[in-house]
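**Q** Okay, predicted coordinates and the sequence, questions at the end:
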Amino acid sequence: MANFDQTIVNLQDVSVTFESSGKPLHAVDNVSLQINRGDIYGIIGYSGAGKSTLVRTINLLQKPTDGKVIVGGQDLQKLSNPQLRSARKKIGMIFQHFNLLNSRTVLNNVEYPLLSQHISKAKRQAKAKHLLDVVGLREFEHSYPEQLSGGQKQRVAIARSLANDPDILVSDEATSALDPKTTDDILNLLQHLNKTLGLTIVLITHEMQVIKSICHHVAVMDDGKIIERGNVAEVFSNPQQKLTQNFVDSSANVTGALEQIKSDPSLQKLSADERILYLKFRGKATKESLISDLTELYHLKANILFANIERIGDTSIGYLIIIISGKSKQLADGINFLNRHGVRVQLLPGKKEESDKDVNASIS
Ligand SMILES: Nc1ncnc2c1ncn2[C@@H]1O[C@H](COP(=O)(O)OP(=O)(O)OP(=O)(O)O)[C@@H](O)[C@H]1O
């Protein structure tokens, strides 16, 4: 249950239905989502999952077909147009393609959202210059967008999104058009703004790496629904849904390793006492000598096919694929031993002469 004192975004049973070729298309299907003030909340999903449509309801750029949108304690659908305009100013947005005005200088782009306010030109420009300082682009104030790199354009867009001192920044695939190094720089900037300004960030992406780098919480979206959500380290170290598992595997390079294993003929003919196991460790388990304990205690042999350790926030997550061999009873006991030490064990398919019954019984 969310703590509603802390909740800044509160979507209640929100649905958005479009019409597509005369049929209803449920782009967002009965989603409830609470985001706390000061959070960096990631929403991940493949193209078409409904991420953009969902986050566009947060400022009513997209009106829901059903459900309530409560932001900063205000039910946005009950506001008058002027009230909604001022509520929207507190929700900045950045996009994959920056959406800058090419005929205006960098400075003019950043001051643009302030033009409708009754403040002097001097004050407006001072604010815009300060924001260019914040994003590290003051020296480019007289340049035009086309003279900037992608990362610089996104910095201008971020400065512009901050012009009205928003409480929330919605980032719609803001790093998807950028190279990995520039992506890191932009994510670091967003993290810095979150820490220094207390800015709540709602970030949508199809890239796990983005979520892992800066998000505290994550929701996984598929077919208009949130299928899994929670603390990033918890969700990704123990995925409950196949789609979440796919994101984890591809980001930890497990997908490539699995494909290689599948296509390696020598691994397709396991003997009766061999199994291929995919092990996931979290936190303390990554620092223990579990594999050597396993082989010693249960008289098993382990051959490592793939290993990787990643950090998500403060948590280390280890991924290991091994061929393990030994007697059936010892295999089962060994797997129980791993489970007891908090290791998730998955048996990978491989042709063998013996049934998996014994080991399967102990696989969670
Ligand atoms: N204005 C619209 N009219 C009709 N269908 C729409 C409209 N906007 C989005 N859709 C459809 O709604 C579904 C969800 O789209 P949405 O853009 O929200 O997904 P997404 O997860 O953000 O994917 P992407 O990253 O590709 O934009 C898609 O099937 C899309 O074609």
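**A** Nice, I can see it. Residues are numbered from 1 along each chain as shown.
**Q** Would you map out the domains in the chain?
**A** Domain segmentation of the chain under automatic domain parsing yields 7-234, 252-361.
**Q** where along the stretch 151-300 of the chain do the strands fall?
**A** With DSSP state E, counting those that start in this stretch as the criterion, the stretch 151-300 of the chain has strands at 168-172, 200-205, 217-222, 225-231, 274-282.
**Q** Can you check which of those strands gets nearest to V14?
**A** Closest to V14 of the strands of the stretch 151-300 of the chain, according to CB to CB: strand 225-231, at 10.5 Å. Quick note: C-beta positions are derived from backbone N, CA and C, even for glycine.
**Q** okay, the residue most central in space within the chain: pLDDT?
**A** Centroid-nearest residue in the chain: I211, 3.0 Å away (criterion: CA atoms, centre = their mean). At I211, the pLDDT value in this model is 94.
**Q** In terms of helices and strands, where is the nearest residue to it once chain neighbours are set aside?
**A** Nearest non-adjacent residue to I211, counting by CB to CB, 6 or more residues apart in numbering: G42, 4.0 Å away. Element membership of G42, judged by DSSP states H and E, is strand 40-44.
**Q** helix or strand right after that strand?
**A** Trace forward from strand 40-44 with DSSP H and E and the next one is helix 51-56.
**Q** Give the burial count for K129, as a bare number.
**A** Neighbours of K129 under the rule other CB atoms under 10 Å: 16.
**Q** Report the secondary structure state of it.
**A** helix (DSSP: H, G, I helix; E, B strand; the rest coil).
**Q** residues in contact with it?
**A** Residues in contact with K129 (CB atoms under 8 Å, 6 or more residues apart in numbering) are 107, 138, 141.
**Q** go with 10 Å
**A** 107, 110-111, 138, 141, 159 (CB atoms under 10 Å, 6 or more residues apart in numbering).
**Q** Repeat that for Y298.
**A** Here Y298 is in contact with 324, 326-327, 329-338 (CB under 10 Å, 6+ apart).
**Q** Quick check: buried residues in the biggest helix by length in the chain?
**A** Criterion DSSP state H: the longest helix present in the chain is helix 180-197. By neighbour count with 16 or more other CB atoms under 10 Å, helix 180-197 contains the buried residues 182-187, 189-190, 193-194.
**Q** Centre of the chain to that helix, how far?
**A** Put simply, helix 180-197 sits 14 Å off its chain's centre (CA atoms, centre = their mean, to the nearest Å).
**Q** tell me the angle that helix makes with strand 200-205.
**A** 160 degrees (axes from the mean of the first three to the mean of the last three CA atoms, to 10 degrees).
**Q** could we number from 494 for the rest of this?
**A** In the new count, where the first residue is 494, that last one comes out as helix 673-690.
**Q** So for helix 673-690, mean pLDDT?
**A** 96.
**Q** Which other helices and strands does that helix contact?
**A** When contacts are defined as 3 or more CB pairs under 10 Å, 6 or more residues apart in numbering; DSSP states H and E, helix 673-690 sits against strand 533-537, strand 584-588, helix 614-627, helix 643-654, strand 661-665, strand 693-698, helix 701-707.
**Q** Convert the C-alpha atoms of the third one to PDB, please.
**A** This means helix 614-627. Provided in PDB are the C-alpha atoms of helix 614-627 (Å, rounded to 0.1, in the frame of the first residue of the first chain):
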ATOM      1  CA  LYS A 614      13.400  39.700 -20.300                       C
ATOM      2  CA  ALA A 615      16.400  40.300 -18.100                       C
ATOM      3  CA  LYS A 616      15.000  37.900 -15.400                       C
ATOM      4  CA  ARG A 617      14.000  35.400 -18.000                       C
ATOM      5  CA  GLN A 618      17.400  35.300 -19.600                       C
ATOM      6  CA  ALA A 619      19.100  35.200 -16.300                       C
ATOM      7  CA  LYS A 620      17.100  32.100 -15.400                       C
ATOM      8  CA  ALA A 621      17.800  30.500 -18.800                       C
ATOM      9  CA  LYS A 622      21.600  31.200 -18.400                       C
ATOM     10  CA  HIS A 623      21.500  29.700 -14.900                       C
ATOM     11  CA  LEU A 624      19.900  26.500 -16.300                       C
ATOM     12  CA  LEU A 625      22.500  26.300 -19.100                       C
ATOM     13  CA  ASP A 626      25.100  26.400 -16.300                       C
ATOM     14  CA  VAL A 627      23.300  23.600 -14.500                       C
END
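**Q** re the thing from before, give me the buried subset of the contacts of Y791.
**A** Among the contacts of Y791, the ones that count as buried by 16+ other CB under 10 Å are 817, 819, 823-831.
**Q** now I814: how far from I719?
**A** To I719, I814 is 30 Å away according to CB to CB, to the nearest Å.
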